[in-house]
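Colleague: Pasting the sequence and the predicted coordinates here, then a few questions.
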Amino acid sequence: MSVYKQNGSKNYRIQFVLDGKTYVKSARTTSKKLALEIERAFREEIIKKEKLGIKDRITFKDAMAQYRETKRPLRSFETIEVYLGFLESHFQKIEYLDEITTTHVERMVHERQRQGRKPQTIKYCVVTLRGIWKLAKKLGYEISPIEFPNPGVGKPRTRFLSADEEKRLLAVIDPANPMPAKKSAGKKHQTRMQRDLHDIVVTLLDTGGRRGEVMGLKWEQVDFQNRQIMLRRSKVENESFVPIPKRLFDVLFKRFQNKGESEYVFPSADDPSKPKQSIRRVFLRALKLAGIEDVTLHTLRHTYASKLAQNGVSLQQIGKMLGHADTQMSARYAHLVHDQVVDQVRDVLNGLNNEAVGTAGNR
């Protein structure tokens with residue numbers, strides 16, 4: 001019998017053999033007639049999947065939702081949400097994920113290029129869509145074969161702040177000079193937001209840390225006695241100690257004196273047991289007020305490295321301070337080290353040549 005009741009059970013069970021493989025499950029009903037219908041549907045489903053290779057379809061909206069849940073714990077979740085929002089809008093007429101083809105993806109890339117989006121932005125749109133596609137494939141859903149394009153992103157971004165730009169930015173975000181407040185923002189909230197922005201920017205400038213490393217910084221990582229910070233480099237799975245210069249020491253010590261109960265240097269205003277998640281909007285507003293363009297928070301990391309390179313610090317030492325797992329990652333600053341070395345060599349030779357001329361003149 002394909003449906004039966006076990007001793008003492010009220011519900012029917014289903015059992016049948018297909019190509020030597022036994023399939024068993026509960027029908028979850030006391031009706032034999034309904035159990036037989038469930039058994040027939042179950043058998044057809046198995047035949048479709050195992051014999052004909054027909055898989056369940058998933059809507060694009062549901063595929064995005066399951067991908068979103070896998071990324072929710074990440075610190076970059078807020079950024080991923082931006083790309084998901086774009087994809088949802090762009091493919092709003094697509095019902096099922098398997099309807100998306102290589103042509104659809106190429107058209108999306110071309111559209112973004114016509115809109116003047118940066119190659120890096122286009123790349124992450126494609127990466128996010130590919131992540132949705134790969135997860136659905138892994139979970140056994142029907143998908144179309146897609147050749148995902150790889151939009152070129154050019155050379156690594158090495159934009160850094162000039163001394164004048166850094167001075168202007170710090171002047172705008174100085175807590176002693178309140179930035180123009182939005183009408184919806186309370187004075188207390190605005191004051192705290194600007195203080196956090198200022199202190200995080202100074203920390204990024206003076207440690208070269210990544211945004212996540214600094215925003216997630218805990219007091220146990222700050223050594224005031226030896227004036228150093230231990231940065232946990234989760235991206236490359238290592239740790240590095242960076243010195244605390246006087247400017248940063250003053251900022252951190254002031255925060256320490258008013259730190260409250262939170263273990264985080266920059267706690268969330270809503271939940272101090274968690275780190276602050278983002279300062280992107282207020283940072284962009286500050287850049288606009290300072291008249292600075294083409295800058296992100298990561299630019300501050302490049303600024304830190306450029307200062308070291310231009311003042312005699314070797315690429316190896318720079319890589320150590322930045323927590324680079326590979327010396328190749330520090331190579332983008334090589335031209336700055338080269339310029340500094342050229343200046344040093346020129347000064348040395350000029351000095352030696354002047355001595356030679358003076359010696360010859362005295363003969």
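Modeller: Alright, I've got the coordinates.

Colleague: mind listing what's buried in the helix or strand hosting residue 189?
Modeller: Residue 189 is located in helix 187-207, with elements delineated by DSSP states H and E. Buried residues in helix 187-207, counting neighbours by 16 or more other CB atoms under 10 Å, are found at 190, 193-207. All C-beta atoms are positioned from the backbone trio N, CA, C, and that covers glycine.

Colleague: Which residue, other than its chain neighbours, is closest to residue 285?
Modeller: Taking CB to CB, 6 or more residues apart in numbering, and ignoring the residues beside it in sequence, residue 285 has residue 179 as its nearest neighbour in space, at 7.1 Å.

Colleague: which stretches of the chain form strands?
Modeller: 3-4, 13-18, 21-26, 222-223, 228-233, 238-243 (DSSP state E).

Colleague: which residues touch the residue nearest to residue 285?
Modeller: The contact partners of residue 179, by CB atoms under 8 Å, 6 or more residues apart in numbering, come to 172-173, 190, 194, 282, 285-286, 289.

Colleague: Which ChimeraX command selects the buried ones in the residues you listed?
Modeller: Typed into ChimeraX, the next command selects the buried ones out of the contacts of residue 179 (criterion: 16+ other CB under 10 Å):
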select :172,173,190,194,282,285,286
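
Colleague: Pick out the lowest-pLDDT one from the contacts of residue 179.
Modeller: In terms of pLDDT, residue 190 ranks lowest among the contacts of residue 179, with 87.

Colleague: From residue 179, how far off is it?
Modeller: Residue 190 sits 8 Å away from residue 179, taking CB to CB, to the nearest Å as the criterion.

Colleague: ditto for residue 38
Modeller: In this structure, residue 38 and residue 179 are 65 Å apart, going by CB to CB.

Colleague: check contacts around residue 259.
Modeller: When contacts are counted by CB under 8 Å, 6+ apart, residue 259 is found next to 219, 265.

Colleague: got the buried residues for stretch 170-181?
Modeller: Buried positions in stretch 170-181, judged by neighbour count with 16+ other CB under 10 Å: 170, 172-173, 179.

Colleague: What number of residues are in the vicinity of the closest residue to residue 22 other than its chain neighbours?
Modeller: Setting aside the residues directly before and after it, residue 22 is nearest to residue 15 in space (CB to CB, 6+ apart), at 6.8 Å. By the criterion of other CB atoms under 10 Å, residue 15 has 13 neighbours.

Colleague: ditto for the one 10 residues further on
Modeller: Other residues near residue 25 come to 11 when the count uses other CB under 10 Å.

Colleague: That one contacts residue 13, correct?
Modeller: Yes: look at residue 25 against residue 13 with CB atoms under 8 Å: they come within range, at 7.3 Å.

Colleague: Tabulate the strands of the chain (JSON lines), appending mean pLDDT and distance to residue 308.
Modeller: Compiled in JSON lines, these are given as follows (pLDDT from 0 to 100; distance: least, CB to CB, whole Å):
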{"stretch": "strand 3-4", "mean pLDDT": "86", "distance to residue 308": "75"}
{"stretch": "strand 13-18", "mean pLDDT": "85", "distance to residue 308": "67"}
{"stretch": "strand 21-26", "mean pLDDT": "83", "distance to residue 308": "64"}
{"stretch": "strand 222-223", "mean pLDDT": "95", "distance to residue 308": "21"}
{"stretch": "strand 228-233", "mean pLDDT": "86", "distance to residue 308": "15"}
{"stretch": "strand 238-243", "mean pLDDT": "83", "distance to residue 308": "11"}
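
Colleague: Now do the contacts for the residue sitting nearest the centre point of the chain.
Modeller: Residue closest to the mean C-alpha point of the chain, counted by CA atoms, centre = their mean, is residue 76 at 3.8 Å. Remark: with contacts taken as CB under 8 Å, 6+ apart, residue 76 is in contact with residue 212.

Colleague: Same check on the one 5 residues further on?
Modeller: Residues touching residue 81, when contacts are defined by CB under 8 Å, 6+ apart, comprise residue 68.

Colleague: same deal with residue 94?
Modeller: Under the criterion of CB under 8 Å, 6+ apart, the contact partners of residue 94 comprise 60, 100, 104.

Colleague: Perfect, that will be all.
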